[in-house]
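Enquirer: Would you be able to build a 3D model of this:
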Amino acid sequence: QPPLWPGEQVAVRRAVPARRQEFAAGRAAARAAMQDAGVDPAALPAGTDRAPRWPAGVAGSISHAAGLAAALAARSAVWAGIGLDIEKAAPFNADLAAIIRAPGDRDDSGLGADLSATLAFSAKEAAFKAQFPLTGLWLDHRDVDITLTPTSFTVVVRDVPLVGRWMRTDGMFLSILLAGPEQAGQLGSLDVDVVAR
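Expert: Next comes the predicted model:
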């Protein structure tokens with residue numbers, strides 16, 4: 001398990017060992033991503049909202065799934081909001097899919113309905129992570145409509161279209177959304193590093 005830096009331990013002090021490992025792997029991936037972006041690696045404590053607190057001038061995102069942790073980071077002058085999500089590319093059951101799907105969702109991904117629900121979940125997670133530092137909005141999966149294509153996805157937050165990309169590789173969905181400074185202004189306020197746990 002990678003070591004945690006000062007201030008990070010408090011977020012997982014009562015967590016089970018598997019969660020501590022996941023958290024530590026995510027922080028290690030985030031520090032590698034910061035280094036790749038030309039930023040000095042730093043501690044990433046969790047805020048009261050449980051989101052990582054990135055250093056001033058840095059935007060980033062962390063995701064965990066299936067024994068992997070991944071992170072993206074950039075200078076916020078380049079990308080003001082970053083959303084990354086990884087999910088095992090396995091079908092959701094009908095009950096879970098119903099919780100994920102919004103009435104206006106549109107699926108042109110070419111995947112079956114159950115598998116595209118997993119992709120919709122991943123893409124919406126990436127979009128939520130990208131917009132949250134800019135808007136402070138807590139969004140439910142049914143709060144936003146998503147349009148899926150064979151390689152991209154679009155969600156609209158505060159009338160601002162946010163476009164991301166997705167891919168399916170090694171049995172995983174990878175969804176990434178990068179919001180530029182101009183989108184940050186409209187909303188309000190790329191190396192991926194993976195660490196096996």
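
Enquirer: Just confirm residue 51 contacts residue 130, I think it does.
Expert: No: proximity of residue 51 to residue 130 does not meet the contact threshold set by C-beta atoms under 8 Å, at 11.8 Å. For every residue, glycine as well, the C-beta is placed using N, CA and C.

Enquirer: who's in contact with residue 108?
Expert: Contacts for residue 108 (C-beta atoms under 8 Å, 6 or more residues apart in numbering) come out as 147, 148, 149, 150.

Enquirer: Please disregard the earlier target; I meant residue 172.
Expert: 65, 66, 68, 86, 87, 88, 89.

Enquirer: any idea how far residue 61 is from the fifth one?
Expert: Just to be clear, that refers to residue 87. To residue 61, residue 87 is 14 Å away according to C-beta to C-beta, to the nearest Å.

Enquirer: And these two? Which one has more around it.
Expert: Comparing residue 87 with residue 61 by other C-beta atoms under 10 Å, the one with more neighbours is residue 61, at 31 against 21.

Enquirer: Now that one. Nearest residue, chain neighbours left out?
Expert: residue 84 (4.0 Å; C-beta to C-beta, 6 or more residues apart in numbering).

Enquirer: The helix or strand where the one you found lies pairs with which strands?
Expert: Assigned by DSSP states H and E, residue 84 belongs to strand 81-88. Strand pairing for strand 81-88, using DSSP bridges, gives strand 172-179 (antiparallel).

Enquirer: For the partner strand, give the mean pLDDT please.
Expert: Taken as a whole, strand 172-179 has an average pLDDT of 97.

Enquirer: For the following helix or strand past it, output the C-alpha coordinates as PDB.
Expert: Sequence order places helix 181-187 as the next helix or strand after strand 172-179, per DSSP H and E. C-alpha atoms of helix 181-187 as PDB (Å, rounded to 0.1, in the frame of the first residue of the first chain):
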ATOM      1  CA  PRO A 181     -11.600  28.000 -18.300                       C
ATOM      2  CA  GLU A 182     -14.300  29.400 -20.600                       C
ATOM      3  CA  GLN A 183     -16.700  26.700 -19.500                       C
ATOM      4  CA  ALA A 184     -15.800  27.400 -15.900                       C
ATOM      5  CA  GLY A 185     -16.800  31.000 -16.400                       C
ATOM      6  CA  GLN A 186     -20.100  29.900 -17.900                       C
ATOM      7  CA  LEU A 187     -20.800  27.400 -15.100                       C
END
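
Enquirer: No more questions from me, cheers.
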